[in-house]
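J.: Make a model of this:
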Amino acid sequence: MSDLVRLVLSLYNYYFSTDRQLARRLHSLLGFTPANLMLFKLAFSHKSSVSDKAYAIQNNERLEYLGDAILGTIVAEYLFKKYPNGNEGFLTKMRSKIVKRKSLNKIGDKMGLDVLLNEYNNTRLSRSMLGNAVEALVGALYLECGYQKTKNFVVRRMLRQYINVHDLETFDDNYKSQLLEWCQKNGQTISYKLLARYKFEKRDRFKVAVMVDGKKVATADDFNKKSAEQIASEKAMVALGIISEEDLEDDEDE
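T.: So this is what the prediction gives:
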């Protein structure tokens, strides 16, 4: 698509399209009006809102997959340049803290993506849908603009606005490790028990419990067993008074 055609389509979308309200919201969000509005509509269409027949082509799952890869690359490059003396382990942990589901959920919330998700879905929103939409938006941006403009958007309008990288340097988000350390200091045993494995949204989902001295302290569900153990560990730390209730943010799909 030539620059002239892209400009004409962008102007049409902003002033004359039946979806001009979406075009104007995207202009405010992105700093420009996309030429391909359908691509961005798709980015905000969650798989739980479409029929089985349309499942493969009418939800944001493919864009989410693409955006996840692009976002990981951009964040890796950003950290590589920001910390010229940082070793591989440090850079990997920092990237994980930025692109993990909880961080993306917060970014999506601060960006106001819930407004767009509410408009294009007929299902109850969960916090994880915000993070999914962030990844799908990055995927849509990449297809619309290419890598360089997508990188500029992620760095300037996401990382610098919504992520305090310096705070992340000292923040320990490994609740499982923290809980294990606390139990060892207090002479208590800790174990994790798989309570159930079931299908949700056509994917395996795991329910686990944290057992302290043989007693169930907290439970959590997630699509990844290790992630479920992390969430359950965080809840257990609240239940045991190790961290406050305000520190707990529910990462589970509702």
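J.: Identify, by residue count, the longest helix of the chain.
T.: helix 61-82 (DSSP state H).
J.: Can you give me the buried ones in the helix or strand encompassing Ile98?
T.: Assessed by DSSP states H and E, Ile98 sits inside helix 88-99. Neighbour-count burial for helix 88-99 flags Leu91, Lys93, Met94, Arg95, Lys97, Ile98, Val99 (criterion: 16 or more other Cβ atoms under 10 Å). The way it works is simple: take the backbone N, C-alpha and C, and place the C-beta from them, glycine included.
J.: before we move on, back to that, give the other helices and strands that the longest helix of the chain contacts.
T.: Contacts defined by 3 or more Cβ pairs under 8 Å, 6 or more residues apart in numbering; DSSP states H and E place helix 61-82 against helix 37-43, helix 88-99, helix 127-145, helix 147-153.
J.: was I right about Leu29 contacting Met111?
T.: Yes. Using Cβ atoms under 8 Å, Leu29 is in contact with Met111, at 6.7 Å.
J.: Need the overlap of contacts for these two.
T.: Common contact partners of Leu29 and Met111 (Cβ atoms under 8 Å, 6 or more residues apart in numbering): none.
J.: Name the SS class of Ala196, please.
T.: strand (DSSP: H, G, I helix; E, B strand; the rest coil).
J.: From Ile231, how far off is the closest residue to Leu180 other than its chain neighbours?
T.: Nearest residue to Leu180, sequence neighbours excluded (Cβ to Cβ, 6 or more residues apart in numbering): Ile190, at 5.8 Å. Taking Cβ to Cβ, to the nearest Å as the measure, Ile190 falls 15 Å from Ile231.
J.: Between the two, which has more neighbouring residues?
T.: Between Ile190 and Ile231, Ile231 has the larger neighbour count (other Cβ atoms under 10 Å), namely 27 against 19.
J.: Let me know the pLDDT of that one.
T.: For Ile231, the model assigns a pLDDT of 90.
J.: That one contacts Asn224, correct?
T.: No. Using Cβ under 8 Å, Ile231 is not in contact with Asn224, being 9.9 Å away.
J.: hang on, the earlier thing: tell me the buried residues in the following helix or strand past the helix holding Ile98?
T.: Next along the chain after helix 88-99, taking DSSP H and E as the criterion, comes helix 101-111. Buried residues in helix 101-111, counting neighbours by 16+ other Cβ under 10 Å, are found at Arg101, Lys102, Ser103, Leu104, Asn105, Lys106, Ile107, Gly108, Met111.
J.: Please enumerate residues in contact with helix 101-111?
T.: 29, 97, 114, 127-128, 130-135, 158, 161-163, 173, 227, 249, 251.
J.: try 7 Å this time
T.: 29, 97, 127-128, 130-131, 133-135, 158, 162, 249, 251 (Cβ atoms under 7 Å, 6 or more residues apart in numbering).
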